[in-house]
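Asks: need the 3D shape of this:
(chains A and B)
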Amino acid sequence: MPYFAILLLSLFALLLGIVASLSMGHYPIAATELFKILGSVVGLDFTVDPIAHNIVLDIRMPRLIAGIIIGAALAVSGAAFQSIFVNPLVSPGLLGVLAGAAFGAALGMILWESWLAVQLSTLLFALLAVGFTLFLAYSNKGGSMVLMLVIGGIISSSLFTSLLSVTKYVADPYDKLPAIVYWLMGSLAMADTQVYWLAVPMLLGVVILSSMGRLIDIASLGDEEARGLGVNVARLRIIVILAATVISAMTVVIGGLIGWIGLIIPHIVRFITGPSNRRLLPVTAIIGAAFLVCADLLSRNAMSVEIPVGIITSLIGVPVFIFVLKRAKGAW
Amino acid sequence: MHDLIIQNVAFSYGKTPVLNNVNLTVRPGDVSLLGPNGSGKSTLMKLILGILKPQKGSITLGGDETSRLSSRELAGRVAYVPQTNTSPFGYTGLEMVMMGRSVHRGIFARYTKEDEEIALHAMERLGVADLRERIFTRLSGGQRQLLILARAIAQGARLLILDEPVTGLDYGNQLRLLERIYELAGEGYTFIKSTHFPDHSLLISGRAVMLKDGVLFADGGAQEVITPENIKTMYDVDIRIADMEGGLRMCVPSFLGR
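Replies: Predicted coordinates:
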């Protein structure tokens, strides 16, 4: 299928998800009403139901934007990481960003009441965890840098996972502990209109990563071969790690730990576009967004109470991944 | 003006010296780099490619010191054909060759129609145009090596560094690859290739360079320097050189006794 058609189809899938997620819910809103509401936002003169207006713009829209941006950020980070670490089984959490963010969030919830403080703590510890990984890798030079980064990531991840256990252990079991546990399951329920401010830098990160596919392809051949092709892999790797770390950390700030997207979406999209990151990265970002929007739709509507979306993505992710492993046969 | 000049180059990993006072001037043609494992062949090639920096001495290419050139500038002049490709991602043959064009494009730029034409032309030149849609990781070693050679041509470099190019190939593919190298060397390309086959040097190389323990101890026409004495020095085995019809020569191991 030509690349242009793939792009259009995936955008169409995302659009369907967007319309469905704005109109479906415990308070169903008809498509015609929805378009009137959206029309009134851009200044057209429609009379709209004020309750529907509030639900769409203040509740469902922030949540939708959160879903789009988190899905795109995790999927594109995962795809870029799989290539620059020359390993198709890598996910965005490889260097410890998610473990650090989870600990930061839990610590923030114990120490402060302010939600902003919790978010800052999440971001800070996510960056610290990856910084620790980079420090471990770059202070033990000699041998393969990819290997050192992976080992550094394992060490950093387990350090911050242990610290997370400590915070859970000391947290007030009636009030704080359930909040932490629920947060770690991953959910878009907390997204409010301030998500728009986070969406801007995240979108920028997604666009930057998506447009570097040509160089990321070359980095996926390994350091020496890439060097022979004129790519300074050390520098490219730092740019990709920085961009992916910042946007992955922000996904935790908005929605907690939402697993599997960064691993499975790139693999599914490879079946459609082939492995070249020039096509893979943009399509992965769009499909990742569409996937999380639909998973969130399911999490809101499948049962009378909301199921955390992280549970949905894992439940879908496991069988899909088994299928992908069967299909791969030596060429990803 | 495309000459590669290596002067007084020394390199060591930590305290272990790997190369000692290496001097070499390379002009267009095919040069074989011979030497036992651990003699410094790979290190010398990595130095030329700019993957490693010489700790002493200088390497200049067409008058420019290679350590002063950016990775992109250097890759426009020197291409690398590695021994094995370990990438798990199944790019197509054409995608693989196109990567050679990347060096001519900016960070966020895309390949152009011209890049695709140059890549396809290089594939035709090496007789692998039919592999354009095939998955690289599923091809035979010989087909992969020819595609990587096509990529080096598409890259626009005139100096090609080949790391044991025939290792692991079946006999037919070895000869097909040597034939392409021989043709391209005749057209003005420069090849520096490490090899464990002195016979291949005698077949197609104008020149052989010999390394032992980081010292370049013999350098000259392949027929002049591939001698029983030099082979003995490098590999500690006894051979004699057999003269064949048509002026060809071949190494024959002495244990055969004839």
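
Asks: could you report the neighbour count for residue 165?
Replies: You didn't pick a chain, so chain A it is. Neighbourhood size, A:Ser165 [other C-beta atoms under 10 Å in any protein chain shown]: 12. To be clear about C-beta, it is placed using only N, CA and C from the backbone, and glycine gets the same treatment.

Asks: looking at chain B here, not the other one
Replies: Based on other C-beta under 10 Å, the number of other residues close to B:Pro165 is 24.

Asks: check contacts around residue 101.
Replies: Looking at chain A here, since you left the chain open. A:Thr122, A:Leu123, A:Phe125, A:Ala126, A:Ala129, A:Ser248, A:Ala249, A:Val252, A:Val253, A:Leu257 (C-beta atoms under 8 Å, 6 or more residues apart in numbering or on different chains).

Asks: actually it's chain B I care about, not the one you picked
Replies: So B:Arg101 contacts B:Tyr111, B:Asp115, B:Ile118, B:Ala119, B:Ala154, B:Gln155 (C-beta under 8 Å, 6+ apart).

Asks: and B:Val215, by the same measure?
Replies: By C-beta under 8 Å, 6+ apart, the residues touching B:Val215 are B:Asn20, B:Asn21, B:Val22.

Asks: if you set the cut-off to 7 Å instead, what comes out?
Replies: B:Asn20 (C-beta atoms under 7 Å, 6 or more residues apart in numbering or on different chains).

Asks: before we move on, what about B:Met98?
Replies: Contacts for B:Met98 (C-beta under 7 Å, 6+ apart) come out as B:Tyr111, B:Asp115, B:Glu116, B:Ala119.

Asks: can you pull the phi/psi pair for the second one?
Replies: Okay, so that is B:Asp115. Torsion angles at B:Asp115 (phi, psi; degrees, to the nearest 10) stand at phi -60, psi -40.

Asks: is the closest residue to it other than its chain neighbours in a helix, a strand, or coil?
Replies: Here the nearest residue to B:Asp115 in space, its sequence neighbours aside, is B:Arg101; by C-beta to C-beta, 6 or more residues apart in numbering or on different chains that works out to 3.9 Å. Counting by DSSP: H, G, I helix; E, B strand; the rest coil, the backbone at B:Arg101 sits in helix.

Asks: model confidence at the residue most central in space within chain A, what's the number?
Replies: The centroid of chain A falls nearest to A:Leu74 when counting by C-alpha atoms, centre = their mean (2.5 Å). A:Leu74 carries a pLDDT value of 97.

Asks: so for the helix or strand harbouring A:Ala285, what gets flagged as buried?
Replies: Using DSSP states H and E, A:Ala285 sits in helix A:277-301. For helix A:277-301, a neighbour-count test (16 or more other C-beta atoms under 10 Å in any protein chain shown) marks A:277-297, A:299-301 as buried.

Asks: give me the low-pLDDT residue ranges for the chain?
Replies: Picking chain A for this. A:142, A:329-332 (pLDDT under 70).

Asks: not quite, I wanted chain B
Replies: Judged by pLDDT under 70, the stretches of chain B that qualify are B:1-2, B:258.

Asks: ok, back up a step: can you pick the most crowded of the contacts of B:Met98?
Replies: B:Ala119 (26 neighbours).

Asks: report whether stretch A:310-329 contacts chain B.
Replies: No: Stretch A:310-329 does not reach chain B (C-beta under 7 Å from any C-beta of the partner chain); its nearest approach is 8.9 Å.

Asks: flag every buried residue along that stretch.
Replies: Those would be A:Gly310, A:Ile311, A:Ile312, A:Thr313, A:Ser314, A:Ile316, A:Gly317, A:Val320, A:Phe321, A:Val324, for stretch A:310-329 by 16+ other C-beta under 10 Å.

Asks: so what's the gap between it and the chain middle?
Replies: 17 Å (C-alpha atoms, centre = their mean, to the nearest Å).

Asks: now what about that stretch, what contacts it?
Replies: Stretch A:310-329 has contacts (C-beta under 7 Å, 6+ apart) with A:185-187, A:256-261, A:263-264, A:267-268, A:271, A:295, A:298-299.

Asks: state the helix or strand in which the residue in the stretch 1-150 of chain A that chain B sits nearest to lies.
Replies: Of all residues in the stretch 1-150 of chain A, the one sitting closest to chain B is A:Pro88 (5.5 Å; C-beta to the nearest C-beta). For A:Pro88, there is no host helix or strand (DSSP H and E).

Asks: next one: B:Asn21
Replies: Per DSSP H and E: strand B:16-26 holds B:Asn21.

Asks: next, the buried residues of the longest helix along chain B.
Replies: Longest helix in chain B by number of residues, with DSSP state H as the criterion: helix B:171-186. By 16+ other C-beta under 10 Å, the buried positions in helix B:171-186 come out as B:Asn173, B:Gln174, B:Arg176, B:Leu177, B:Leu178, B:Arg180, B:Ile181, B:Leu184, B:Ala185.

Asks: and the two most separated of the residues you listed?
Replies: Spanning the widest gap among those are B:Asn173 and B:Ala185, at 18.5 Å by C-beta to C-beta.

Asks: which residues of chain B fall in helices?
Replies: With DSSP H as the criterion, chain B has helices at B:41-49, B:71-75, B:93-98, B:113-125, B:141-154, B:171-186, B:198-204, B:222-225, B:228-235.

Asks: will you turn those into CSV that also has distance to A:Asp49?
Replies: Below are these laid out as CSV (distance: least, C-beta to C-beta, whole Å):
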stretch, distance to A:Asp49
helix B:41-49, 68
helix B:71-75, 59
helix B:93-98, 53
helix B:113-125, 53
helix B:141-154, 62
helix B:171-186, 73
helix B:198-204, 82
helix B:222-225, 88
helix B:228-235, 88
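
Asks: for A:Gly100, find the nearest of these.
Replies: Closest among the helices of chain B, using C-beta to C-beta: helix B:71-75, at 31.8 Å.

Asks: gap between A:Ser158 and A:Leu15?
Replies: Note on A:Ser158: its distance to A:Leu15, by C-beta to C-beta, to the nearest Å, is 41 Å.

Asks: farthest pair in the contacts of B:Arg101?
Replies: Counting by C-beta to C-beta, the most remote pair of these is B:Tyr111 and B:Gln155, 12.9 Å apart.

Asks: residues in contact with A:Gly67?
Replies: Here A:Gly67 is in contact with A:Leu188, A:Leu292, A:Val293, A:Asp296 (C-beta under 7 Å, 6+ apart).

Asks: and chain B, which of the residues you listed contact it?
Replies: Counting by C-beta under 7 Å from any C-beta, no member of those reaches chain B.

Asks: just put the residues you listed in TSV and tack on distance to A:Phe4.
Replies: TSV is the format used below for the contacts of A:Gly67 (distance: C-beta to C-beta, whole Å):
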residue	distance to A:Phe4
A:Leu188	31
A:Leu292	24
A:Val293	23
A:Asp296	28
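
Asks: which residues of the stretch 101-250 of chain A lie near chain B?
Replies: So the stretch 101-250 of chain A meets chain B at A:211-212, A:214-215, A:217-218, A:220-222, A:224-225, A:227-232 (C-beta under 7 Å from any C-beta).
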